[in-house]
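Novice: I would like to see how this sequence folds:
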Amino acid sequence: MPVIVALDGAALGGGLEMALACDLRVAADSAKMGLVETKLAIIPGAGGTQRLPRIVGSAKAKELIFTAAVLDGTQAAEISLVNYVVPQNENGDAAYLKALEIAKKIIPNGPIGVRMAKTAISRGMEVDLSSGLSIEEACYAQVIPTKDRIEGLNAFREKRIPNYKGE
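Specialist: Here you go, the predicted structure:
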């Protein structure tokens, strides 16, 4: 299933590395995040050196890690480190509320389709384009025989909301 992280406070070092492992990231504008390990004469050791460059590009990742920069939510959004930035609210849960809003848009979709899309994207990003297209084809083939696919087509034709069961 998709994993959405809400960053309403600090995500420094390992906290940001956990967030980088998620599918989508939402941050409050006041959130603070960074891979600050070089300040301690170490490096990010829980995937940060691999995931951050895949998200923001190699040169930007090097800059952030080498300088141990700490970004706020707005700065993180500017470099696509987070998918969304929202103004923090009085309760301190603005990012959490936005994450719920996103989840509510995912939930009605076919669960097998969402799972296969996540698999195709995640595995495809680790290989060359030709291999990625083969992975996509294999994932697509897995949704064809599902009852959910038939339900989706029938609901579309009948102009009604589909009732997916994950079958």
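Novice: Give me the domain ranges for the protein.
Specialist: Following automatic domain parsing, one finds the domains of the chain at 4-106, 111-158.
Novice: Let me have those in TSV, extended by mean neighbour count.
Specialist: From N, CA and C alone the C-beta is placed, and that goes for glycine too. Converted to TSV, the domains of the chain look like this (neighbours: other C-beta atoms under 10 Å):
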stretch	mean neighbour count
domain 4-106	18
domain 111-158	14
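Novice: So which of those is nearest E167?
Specialist: Closest to E167 of these is domain 111-158 (C-beta to C-beta; 4.2 Å).
Novice: Start and end of the closest one, how far apart?
Specialist: Start and end residues of domain 111-158 are separated by 21 Å (C-alpha to C-alpha, to the nearest Å).
Novice: Mean confidence (pLDDT) on that domain, please.
Specialist: For domain 111-158, mean pLDDT rounds to 94.
Novice: Begin at 694 from now on, thanks
Specialist: Got it, the first residue is 694 from now on, which makes the last one we talked about domain 804-851.
Novice: Relative to Y857, which of the domains of the chain is closest?
Specialist: Closest among the domains of the chain, using C-beta to C-beta: domain 804-851, at 4.7 Å.
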